[in-house]
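Visitor: Got a sequence here, can you model it:
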Amino acid sequence: MATIEYIGTGRRKCAVARVKLVPGKGKVIINNKTTKEFFGGRAALEMIVYRPLVLTEKENSFDVRVKVIGGGVSSQAGAIRHGISRALLAANEENKPLLRSEGLLTRDPRVKERKKYGRKKARKRFQFSKR
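Guide: Residues are numbered from 1 along each chain as shown. Sure, this is the predicted structure:
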């Protein structure tokens, strides 16, 4: 018998997270690690990940399995949050106004600006010398 699973894809900067919500006891597994192992005990990033579940009061009704690639740990946390929000929306459409009002369904469009030629970085210039 096939189990019910809800899938959501989250993105932030260069990070992409594929999230599966499965009915369960509330375990969160990210790249085959617990959240404590994955984030190295950084509580702020764990709070970011759990935000959609806490908001919809589903932290003990779903097991979350995540495969995340790209970006840094902070952007990966944002991508996971986005993916969980989308999966919760697939699970129950009534969550939409709550998640939307908190801004969890909107993909953060900010990405690194490309470096331009004749410059040190994207906007920084070389030091000007008059003589």
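Visitor: Contact partners for the residue nearest the centre of the chain?
Guide: Closest to where the C-alpha atoms of the chain average out (C-alpha atoms, centre = their mean) is residue 79, at 2.0 Å. Taking C-beta atoms under 8 Å, 6 or more residues apart in numbering, we find residue 79 in contact with 10, 11, 12, 13, 15, 16, 17, 68, 71. Every residue, glycine included, has its C-beta placed from N, CA and C.
Visitor: Please report the distance of the closest residue in space to the fourth one that isn't next to it in sequence from residue 24.
Guide: Beyond its immediate neighbours in the sequence, the residue positioned closest to residue 13 (C-beta to C-beta, 6 or more residues apart in numbering) is residue 75, lying 4.0 Å away. Summarising the geometry, the distance separating residue 75 from residue 24, computed by C-beta to C-beta, to the nearest Å, is 27 Å.
Visitor: Tell me which of these two has more neighbours.
Guide: Neighbour count, other C-beta atoms under 10 Å: between residue 75 and residue 24, residue 75 has more, with 21 against 13.
Visitor: From residue 21, how far out is that one?
Guide: Residue 75 is 21 Å from residue 21, by C-beta to C-beta.
Visitor: Equivalent analysis for residue 63, please.
Guide: Distance from residue 63 to residue 21, by C-beta to C-beta: 8 Å.
Visitor: Mind checking which of these two has more residues around it?
Guide: Neighbours per residue (other C-beta under 10 Å) separate residue 63 from residue 21, with residue 21 holding more: 25 against 15.
Visitor: So that one, which state does it fall into?
Guide: Under DSSP: H, G, I helix; E, B strand; the rest coil, residue 21 falls in the strand class.
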